[in-house]
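Student: Predicted model and sequence follow; I will ask about them next.
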Amino acid sequence: MVKIAVCDDSKFMRNEVKKRVLNYSVKKDFDYSLEEYDAGEKLIESKIKYDLIFMDYEFEDNGANGLDIARKIREYDKNSVIVFVSSYPSIVFDTFEVGTFRFLTKPIDDKKFYDVMDSFLQLMEEDDVLKIRLDGENHFFKESLITYVEGMGKNCILHFCDGRKEMECHETLGAVEGRLSPKKFYRCYKSFLINLAHVDSYNHDEVTMSTGDKLLISRLKYKEFNNIYSDYLVKVGV
């Protein structure tokens, strides 16, 4: 499920975005959750990391402008996709500094809105995203947010780095492993598949993740893991 936020001081505009997201979801079988905010400061205070944010630029007398809010969001969330929705097309180039994905002008054009959503979903599918189907709904998780995957028989548990609750899915660890990037994840033990980007330290017995979790490492795999992790650090420039 994709987490969406709509941040605009106009209830009318928030409803316009919500209506279009709903229509899109019906046509594309798109699963999502949506929260709305009438001020950027409220969005920041939530500290929730959203997959997609529709951001107004001018909040009149209701706090900082959208560009300043986006700068603050980037301090704790580098990955969210931000789409500015504004009556001020002149600020489009300024929004590039915060990694804006697209820019929509008010009033919103349906075709342009759906094009943005199509591009967003394509980005999710191409940008190292794990798709899990659970209880009839599709859930999308960026690989960068997955700390490790824990196997439990015919099921497995996804553990995350952004504070969200772990998620149990009805697939084996091997099935999930087959859909994750082999250059980023490593099976350090029969029941643990770790994200190399979240390794904090390790020894012959265990790997400590960035979240503080300590996971067993197979003694037979220690040498291989040491080589693979060293190569990984070289590739990412650490």
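Tutor: Nice, I can see it.

Student: which stretches of the chain form helices?
Tutor: 11-28, 40-46, 66-76, 110-126, 173-177, 222-236 (DSSP state H).

Student: Adding distance to residue 86, mean pLDDT and mean neighbour count, write those out as JSON lines.
Tutor: Placement of C-beta: from N, CA and C, glycine included. Output for the helices of the chain, formatted as JSON lines (distance: least, CB to CB, whole Å; pLDDT from 0 to 100; neighbours: other CB atoms under 10 Å):
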{"stretch": "helix 11-28", "distance to residue 86": "10", "mean pLDDT": "94", "mean neighbour count": "15"}
{"stretch": "helix 40-46", "distance to residue 86": "13", "mean pLDDT": "93", "mean neighbour count": "18"}
{"stretch": "helix 66-76", "distance to residue 86": "7", "mean pLDDT": "88", "mean neighbour count": "18"}
{"stretch": "helix 110-126", "distance to residue 86": "13", "mean pLDDT": "88", "mean neighbour count": "15"}
{"stretch": "helix 173-177", "distance to residue 86": "40", "mean pLDDT": "95", "mean neighbour count": "16"}
{"stretch": "helix 222-236", "distance to residue 86": "36", "mean pLDDT": "91", "mean neighbour count": "13"}
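
Student: Residue 148: which of those is closest?
Tutor: Nearest to residue 148, of all the helices of the chain, is helix 173-177, at 10.4 Å by CB to CB.

Student: tell me which strands and helices that closest one is in contact with?
Tutor: strand 146-152, strand 155-160, strand 185-189, strand 192-195 (3 or more CB pairs under 8 Å, 6 or more residues apart in numbering; DSSP states H and E).

Student: mind checking how far the first one is from the chain centre?
Tutor: Read that as strand 146-152. Distance of strand 146-152 from the chain centroid (CA atoms, centre = their mean, to the nearest Å) equals 17 Å.

Student: Adjacent strands (with direction) for that strand?
Tutor: Sheet pairing here is set by DSSP bridges, and for strand 146-152 it gives strand 155-160 (antiparallel), strand 192-195 (antiparallel).

Student: Alpha carbons of it, in CSV - could you do that?
Tutor: What follows is strand 146-152, C-alpha atoms only, in CSV (Å, rounded to 0.1, in the frame of the first residue of the first chain):
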residue,chain,number,x,y,z
ILE,A,146,14.0,-2.7,4.6
THR,A,147,16.6,-3.5,7.3
TYR,A,148,16.3,-7.2,7.1
VAL,A,149,13.9,-10.0,6.3
GLU,A,150,13.3,-12.8,8.8
GLY,A,151,12.2,-16.2,7.7
MET,A,152,9.6,-18.1,9.8
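
Student: quick one: buried residues of it?
Tutor: 146-151 (16 or more other CB atoms under 10 Å).

Student: quick one: that strand to strand 185-189, angle?
Tutor: Counting by axes from the mean of the first three to the mean of the last three CA atoms, to 10 degrees, strand 146-152 lies at 40 degrees to strand 185-189.
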